[in-house]
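Enquirer: task: produce atomic coordinates for the following.
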Amino acid sequence: MKKILTAVAMAGTLLMGCAAVGAMDSTTLLNNPDRYRVVSTQPDGVVYVDMDSIKSMQTRDFPNSIENISCTLYVEKYNSTLDAMAFQQNQVIRQINEYTATLHGNKRDNTYDLKAELQQVYSPQGEAKEISIDTIQFKNIKDMFVNTHRLAALPKQ
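Expert: Just a heads-up that it's a prediction; the model follows:
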């Protein structure tokens, strides 16, 4: 019986450790610019792309080229009130949203689309929060596509 309880406790510890590894915080986003690159600024936040998650596919039938890019996006959402006190107490960021995203560009039609699915919400310190409806309306999708396309073309380190 003790062996079973020990195995269950070890499995629970392992699962908790795996969940903690996936947490995202503001410090990680800012201190790792080689992995987390800014691809867009929004009126209510900043959009980062995880360089390790970028996968792209392109048809090369110029000028009718179509391209799909899948990646993980992290969005730091600003607090609704940005005043001197928020800056002083380091409360500029309210939450970090993690999205699984696919960017689609049709160069013949000059159309760009983004499909983003909210995966997790974190506090600025990295604690997982309950997923709420407080998501972001992505703007400048063409610019996001172009920036991510350029990052996907970089050589892997």
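
Enquirer: name the residues of the helix or strand hosting F145 that are buried.
Expert: Here F145 is covered by helix 141-152, with elements defined by DSSP states H and E. Neighbour-count burial for helix 141-152, with 16 or more other CB atoms under 10 Å as criterion, is recorded at 141, 144-145, 147-149, 151-152. For the C-beta atoms, the positions are set from N, CA and C on the backbone; glycine is no exception.

Enquirer: same list (those) but as JSON lines, adding distance to D44 and pLDDT.
Expert: Written out in JSON lines, the entries for these read as follows (distance: CB to CB, whole Å; pLDDT from 0 to 100):
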{"residue": "I141", "distance to D44": "16", "pLDDT": "90"}
{"residue": "M144", "distance to D44": "15", "pLDDT": "90"}
{"residue": "F145", "distance to D44": "20", "pLDDT": "90"}
{"residue": "N147", "distance to D44": "19", "pLDDT": "89"}
{"residue": "T148", "distance to D44": "20", "pLDDT": "90"}
{"residue": "H149", "distance to D44": "24", "pLDDT": "86"}
{"residue": "L151", "distance to D44": "23", "pLDDT": "88"}
{"residue": "A152", "distance to D44": "26", "pLDDT": "86"}
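
Enquirer: and which of these is nearest E67?
Expert: H149 (6.8 Å; CB to CB).

Enquirer: so how far is K107 from that closest one?
Expert: Distance, H149 to K107, using CB to CB, to the nearest Å: 10 Å.

Enquirer: mutual contacts of those two, please.
Expert: Residues touching both H149 and K107 (CB atoms under 8 Å, 6 or more residues apart in numbering) are E67.

Enquirer: so T100 makes contact with Q120?
Expert: No - judged on CB atoms under 8 Å, T100 makes no contact with Q120 at a distance of 10.0 Å.

Enquirer: thought I93 was touching G126, still the case?
Expert: No - taking contacts as CB under 8 Å, G126 lies outside contact range of I93: 11.5 Å.
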